[in-house]
Structures are given as structure tokens and as C-alpha cells.
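[1] I'll drop the sequence and a predicted model, then ask my questions.
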Amino acid sequence: MFKKLLVLIPLLFVLGCEDNISEEPFPMRLWLDGVEVDVESNYKSITTYAEEVEYQGYDSSKTFIKKIFIIHFQKEAGRVELDKEHYAVVFTDWEGDTSSGLPIDEGHYLWPSVCPVCPRACMHGAPSKWVRMEIIGEFDYSVSGEAFIDEISDDRITGSGVGTFYNPYAEVEMHGQIEFENLKISTDIENTPYHNYGGR
């Protein structure tokens with residue numbers, strides 16, 4: 001009996017280790033004003049959404065593809081709605097690569113936009129990749145932002161970003177930082193208020 005236990009104990013230890021190795025870590029980290037936020041505890045609904053739409057460019061003869069990718073953290077459970085308290089990171093590419101086959105393109109995203117004149121795709125050749133961090137509410141707005149989408153593979157996305165935004169609930173400007181790795185990309189229109197977000 002004792003010999004059987006000696007055989008079983010190492011086997012159980014190995015199986016237990018395999019279970020721990022197979023558990024995937026939470027795919028993102030978030031900081032607000034330098035303090036790390038426990039995303040899973042503070043937000044009941046954490047979703048992503050990617051979409052691409054065709055729109056008319058700066059003259060009637062040219063069309064572009066706009067790609068968006070949004071990470072949305074909502075305080076309440078249930079359907080994602082813009083009038084509920086939430087925090088969002090919004091990537092917009094007004095000149096999406098039509099040949100990449102990706103829901104959003106890799107690269108460098110900025111806010112304010114590089115060109116101060118063109119509201120979408122830039123007619124002067126400047127890049128039109130934007131990133132904004134925001135808490136939706138009355139008088140909410142994004143001040144500045146910089147982000148990188150490093151890799152997209154098998155509907156998973158890896159990147160990081162920093163930004164400053166005005167929080168109308170606290171009436172202060174806040175600094176946000178996010179890191180995400182192998183975050184699942186969703187394209188489910190039924191579970192997002194961001195369909196056709198920002199117009200065509």
C-alpha cells in the first residue's frame with residue numbers, strides 16, 4: 001500500500017502542475033493615474049469590438065475603408081450601452097489596409113491626429129490612425145493618446161497605449177495606460193453599441 005502511495009503522489013503533483021500551466025492569464029492590465037486597476041473586480045462587462053466600413057473620401061471619386069477596434073469596460077453587467085458608466089479605448093484607422101485581411105491594422109496610433117485639417121483620411125499624406133481613451137458622460141473628451149498595435153494573429157490582438165482624458169464624473173483630467181496580450185477580438189454587432197461608431 002505504501003509503495004502505491006509513493007507512485008500516486010508524484011503523478012498527482014504532475015497533473016496538478018499541468019492544470020496550472022494550462023490556465024491562461026487575464027489578457028490585459030490597466031492603470032489610471034498610475035494606480036493599477038483590478039479589471040476583473042471593477043468591471044462586470046469587458047468586451048471588444050472590431051469593424052470595417054467603406055466611406056467616401058475627401059473627393060467624390062475616392063473611397064476608403066475605416067477600421068475600428070474598441071476595448072470597453074462597463075461597471076454594470078448586462079448589455080453594453082454607452083449611457084452606462086464605462087471606460088473605453090478606441091482605435092480608429094481611417095485608411096485601413098484593404099489587402100491585410102485584418103480587423104484592425106498593426107501600427108502606431110495617435111491623438112490628436114497628425115494632420116490638424118483633415119477630419120478622416122488625410123489628403124496631405126499624413127497617417128490617419130487615431131487612439132482615444134474616454135469615459136463617456138456629459139462634456140467627456142480625449143486630450144491626448146499614443147498606442148501601438150503590435151501583433152494580430154488568429155483573432156487575437158497584442159498592444160499597448162497611454163492617454164489623457166477628461167473625466168466629467170470627477171471633473172478632472174486623468175491619465176490612462178493599458179497593456180493587452182492575445183486579447184480576443186469580437187465582431188458581434190448584437191453585443192456592442194459601437195456599430196458604425198464615428199460615422200462613415
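    Ah, there it is. Numbering: from 1, shown residues only.

[2] can we go C-alpha only for contacts and neighbour counts from here?
    OK.

[3] where does pLDDT dip in this protein?
    Scanning the chain for pLDDT under 70 picks out the ranges 1-23, 137-138, 198-200.

[4] distance of the residue nearest the centre of the chain relative to Ser61?
    By C-alpha atoms, centre = their mean, the mean C-alpha position of the chain lies nearest to Ile71, the distance being 3.2 Å. Separation of Ile71 from Ser61 (C-alpha to C-alpha, to the nearest Å): 33 Å.

[5] kindly report the same for Gly78.
    From Gly78 across to Ser61, the span is 43 Å (C-alpha to C-alpha).

[6] now do the end-to-end distance for stretch 79-99.
    Length of stretch 79-99, first residue to last, C-alpha to C-alpha: 33 Å.

[7] pull the distance from it to the chain's centre.
    Distance of stretch 79-99 from the chain centroid (C-alpha atoms, centre = their mean, to the nearest Å) equals 7 Å.

[8] same check on stretch 119-131?
    When distances are taken as C-alpha atoms, centre = their mean, stretch 119-131 is centred 20 Å away from the chain's centroid.

[9] now do the buried residues in it.
    Within stretch 119-131, the residues that count as buried by 16 or more other C-alpha atoms under 10 Å are 120-122, 127-131.

[10] one more: stretch 160-178?
    Buried, per 16+ other C-alpha under 10 Å, within stretch 160-178: 160-167, 173-178.

[11] which of those lies closest to Asp154?
    Within the buried residues of stretch 160-178, the smallest distance to Asp154 is 18.5 Å, found for Ser160 (C-alpha to C-alpha).

[12] give me the three-state assignment for that closest one.
    strand (DSSP: H, G, I helix; E, B strand; the rest coil).

[13] excluding chain neighbours, what is closest to it?
    Distances taken as C-alpha to C-alpha, 6 or more residues apart in numbering put Glu179 closest to Ser160, at 4.3 Å, once the chain neighbours are dropped.

[14] helix or strand for the one you found, which one?
    strand 172-184 (DSSP states H and E).
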